[in-house]
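> Sequence and predicted structure below; questions after.
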There are 2 protein chains.
Amino acid sequence: MKRNRVWIYPLILIAFVLVMNTGCKKNSTQQKDSNTTSISSDPLPSWNDTEHKKSIINFVEKVTKKDSPDFVPVAERIATFDNDGTLWPEKPMYFQMVFTFDRIKAMAPNHPEWKTKQPFKAVLEDDIKTVLESGAESIDNLVMTVSADYTTEEFSKIVKDWIDTAKYHGTGKLYTDMVFQPMLELLTYLRNNGFKTYIVSGGTSDFMRPWAEKVYGIPPEQTIGTSFKMKFEMRDGKPVIVQLPEIFLLDDKANKPIGIYQYIGRRPIASFGNSDGDLQMMQWTMGGSGLRFALFVHHTDAEREYAYDRESPLWLFDKALDEANAKGWTVVDMKKDWKIIYSYEKK
Amino acid sequence: MKRNRVWIYPLILIAFVLVMNTGCKKNSTQQKDSNTTSISSDPLPSWNDTEHKKSIINFVEKVTKKDSPDFVPVAERIATFDNDGTLWPEKPMYFQMVFTFDRIKAMAPNHPEWKTKQPFKAVLEDDIKTVLESGAESIDNLVMTVSADYTTEEFSKIVKDWIDTAKYHGTGKLYTDMVFQPMLELLTYLRNNGFKTYIVSGGTSDFMRPWAEKVYGIPPEQTIGTSFKMKFEMRDGKPVIVQLPEIFLLDDKANKPIGIYQYIGRRPIASFGNSDGDLQMMQWTMGGSGLRFALFVHHTDAEREYAYDRESPLWLFDKALDEANAKGWTVVDMKKDWKIIYSYEKK
């Protein structure tokens, strides 16, 4: 696959975000127990009783009832979920980018040359502006650097250690505490109805797999992300797989349906995303025969999370929003549709 | 990924095989009902009661019993199977190669230029010698040609139509009737014990997925093969995925463990193969911690199937046989270990 650097473009606007960020991370003040009366019968207790909740339940009931004209056999109940912005936030910065910068800093003692070599020097000095100005190729190199030459098992441990300790900016919460509770319920609801749930993300699979099973209930074999080429070799007499600094699958935009086909070999009957990067996945999902479902999470809640769509030059929800509206796909309004945002609000 | 033509080298020796083939396809004369007395308690009725059958059952019992020191949680019970030569025959020619030549002939009416253009002309005239002499690149082109520019759904239908009608040379049997009954029982036995069974094959996934679920009980998302690059596009206003004549994953030798890691993200605890092309998959499987299992099918039965190993320049079982012997991995002797070979012998 031709080397493509689109997936690191997000970094280009980090400086912008750091300056312009107007979102806030206040805990929701909504009551905790609003759903206790119906918890056993309501599969989506963190969703308000709006048309969108009804459309989800309506779809699931139609494809799972044996006598329904829309019945879909269990084997074909494939549901694919974007990760960043769909299952957890993507602002003020993609979490994997935070990880990448943290790793550069952690690896620096073994790379004294980085003290004077750009863009490493700028990362080490938190000079984000210079990092961004160094251009796509050098930023690309940064991202590759943090996984290259590690065995898959070594890198998995590095990710696990980071995700178990790193905190989301200013909240004191682990990144894995920041997952969207309504989406967790949706994942569980679908699985309870025979769906196989997949992640299909522009983030890398080696970054998601170490924790996605515990946090989302999605095992490594159902976590498809951007991935690097690899080599098989013996190290100290042991067979290992080592990461290379070259893209294998760039899992974004038109490559999302392609990645789904390469890895799953079936067309999903339901897909969930939040941005223009998910549009082709939705088009392919909805292009199949029989009843299908497409849902976008629209970030409309500047108070509890963030509000952005067409004006966000990076996390763009523009063409996909138009197409969703034109075709009647479900567009969740986070502010109106979700009782709580984060799982920790439930406690 | 750099374009690599190793995967079509098999073709180079087809002529040799067609001349030298000494195997035969006689139906087994063994009694059909030798296993009826113990069918309910014996998970592997088509296996003779040899050490190899015992080693399989011993492994499965050890990793599945809760109080066993070798217990493995269900989620980690990943078993990977080579296809050609492991689940069905690979002689006298890889079945996918037969399919490829059949497709060239079927497509010829829409390509009048093939009548005079090599190596197509030679294929159409059954002049295998000339096809082989045309070299790796032109043969490569033949194989690519039969899937390129088809949508994934169109190609799936073409494979399905072929596999439902094409007959294994001289037997009058469908190719899918030629699967190894003892291996089918092994697949079922593992799945009944919580294993997730995968195919990991040098053959292409688009050739295996249309029938592997019905024949092996292995769904598309657990069928990993060589694959081509693809593009996403609109055809007649419908979103489709179209195959390109360029390799995405060449799923053989060292690329087998890499393919497993890319697609599954876990190290298998058991692997099954039959040739040097499976060696690295076995090494990686056995290189993990805890109890693990590697099994090679040794083609030792010239009467009921074929007998070949070190002398077979194409279907080589040489280095892998040495390593299996040295490390005490299981090497199944088809002649001694299998009561019957093909599923139809059961009837």
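Sure thing, it's come through.
> Not counting its neighbours along the chain, what's nearest the residue nearest the centre of chain A?
Centroid-nearest residue in chain A, with CA atoms, centre = their mean: A:Asn83, separated by 1.6 Å. Once flanking residues are discounted, A:Asn83 sits nearest to A:Ser201: 3.8 Å by CB to CB, 6 or more residues apart in numbering or on different chains. Every residue, glycine included, has its C-beta placed from N, CA and C.
> part of a helix, is A:Gly259?
Yes - judged by DSSP: H, G, I helix; E, B strand; the rest coil, A:Gly259 forms part of a helix.
> hang on, it packs against A:Leu249?
Yes - using CB atoms under 8 Å, A:Gly259 is in contact with A:Leu249, at 5.5 Å.
> Please enumerate the shared neighbours of the two.
Residues touching both A:Gly259 and A:Leu249 (CB atoms under 8 Å, 6 or more residues apart in numbering or on different chains): A:Ile224.
> contacting residues for the closest residue to A:Asp309 other than its chain neighbours?
Nearest residue to A:Asp309 in three dimensions, chain neighbours excluded: A:Phe317, at 4.1 Å (CB to CB, 6+ apart). Taking CB under 8 Å, 6+ apart, we find A:Phe317 in contact with A:274-276, A:296, A:298-299, A:308-310.
> if we can go back for a sec, on the strand side of things, show who the residue nearest to A:Asn83 bridges to.
For A:Ser201, the beta-bridge partners are A:Gly225 (DSSP bridges).
> how far away is it from A:Lys91?
Counting by CB to CB, to the nearest Å, the gap from A:Ser201 to A:Lys91 is 16 Å.
> Next: A:Tyr261.
Taken as CB to CB, the span from A:Tyr261 to A:Lys91 is 30 Å.
> before we move on, what about A:Pro109?
Taken as CB to CB, the span from A:Pro109 to A:Lys91 is 31 Å.
> Between those two, which is the more surrounded one?
More crowded of A:Pro109 and A:Lys91, by other CB atoms under 10 Å in any protein chain shown: A:Lys91, with 19 against 8.
> Assign a three-state SS to the more buried one, would you?
Looking at A:Lys91 with three-state DSSP, the answer is coil.
> Please name the nearest non-neighbouring residue to whichever residue of the stretch 1-150 of chain A sits closest to chain B.
Nearest residue of the stretch 1-150 of chain A to chain B: A:Ala75, at 6.1 Å (CB to the nearest CB). The shortest distance from A:Ala75 to any non-neighbouring residue, by CB to CB, 6+ apart, is to B:Pro219 (6.1 Å).
> ok, now A:Trp162?
Using CB to CB, 6+ apart and skipping residues adjacent in sequence, the residue nearest A:Trp162 is A:Phe99, 5.6 Å away.
> Next, the contact list for that neighbour, please.
Counted by CB under 8 Å, 6+ apart, A:Phe99 has contacts A:146, A:159, A:162, A:166, A:207.
> and the gap between the last one and chain B?
So the one you mean is A:Phe207. In this view, A:Phe207 and chain B are 12 Å apart by CB to the nearest CB, to the nearest Å.
> What residues sit buried inside the helix or strand hosting that residue?
A:Phe207 belongs to helix A:205-216 when assigned by DSSP states H and E. Neighbour-count burial for helix A:205-216 flags A:205-213, A:215-216 (criterion: 16 or more other CB atoms under 10 Å in any protein chain shown).
> Which parts of chain A are helices?
Ranges of helices within chain A are A:14-20, A:51-64, A:95-107, A:120-124, A:128-133, A:136-145, A:152-163, A:181-192, A:205-216, A:255-263, A:279-286, A:319-327, A:334-337, based on DSSP state H.
> for the last one, what is the average pLDDT?
Regarding helix A:334-337, the rounded mean pLDDT is 98.
> Near chain B, which residues of the stretch 201-347 of chain A are found?
Selection of the stretch 201-347 of chain A residues close to chain B by CB under 8 Å from any CB of the partner chain yields A:205, A:209, A:213, A:219-221, A:223, A:227, A:229-232, A:238-241, A:248-249, A:254-255, A:257-258, A:261-266, A:280, A:283-284, A:287.
> Residue ranges in chain A under the pLDDT threshold?
Counting by pLDDT under 70, the ranges of chain A that qualify are A:1-40, A:136, A:313, A:347.
> how about the residues of the stretch 51-200 of chain A near chain B?
A:75, A:78, A:152, A:196.
> Which one of these is nearest to B:Lys336?
Comparing those against B:Lys336 with CB to CB places A:Ala75 closest, at 37.3 Å.
> And for the closest one, the neighbour number?
A:Ala75 has 13 neighbours, counted by other CB under 10 Å.
> same deal with the one 5 residues further on?
With neighbours defined by other CB under 10 Å, the count for A:Thr80 comes to 29.
> which residues does it bridge with?
Beta-bridge pairing of A:Thr80 under DSSP bridges involves A:Tyr198, A:Ser271.
> Test my guess that it contacts A:Met281.
Yes - counting by CB under 8 Å, A:Thr80 touches A:Met281, with 6.4 Å between them.
> so which residue of the stretch 101-250 of chain A comes closest to chain B?
A:Pro220 (3.0 Å).
> That residue: what's it in contact with?
A:Pro220 sits next to A:205, A:209, A:212-213, B:264-266 when contact means CB under 8 Å, 6+ apart.
> what does A:Pro109 give?
No contacts exist for A:Pro109 under CB under 8 Å, 6+ apart.
> if I look at it, how far off is A:Met97?
A:Pro109 sits 22 Å away from A:Met97, going by CB to CB.
> Ok, A:Ser55 next?
Distance from A:Ser55 to A:Met97, by CB to CB: 33 Å.
> More neighbours: which of those two?
Just comparing A:Ser55 and A:Met97: by other CB under 10 Å the higher neighbour count belongs to A:Met97, 19 against 16.
> State the distance from A:Leu321 to chain B.
As judged by CB to the nearest CB, A:Leu321 and chain B stand 18 Å apart.
> Generate TSV for the residues of the stretch 51-200 of chain A next to chain B, with distance to A:Gln118 as supplementary columns.
Output for these, formatted as TSV (distance: CB to CB, whole Å):
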residue	distance to A:Gln118
A:Ala75	52
A:Ile78	44
A:Thr152	29
A:Lys196	45
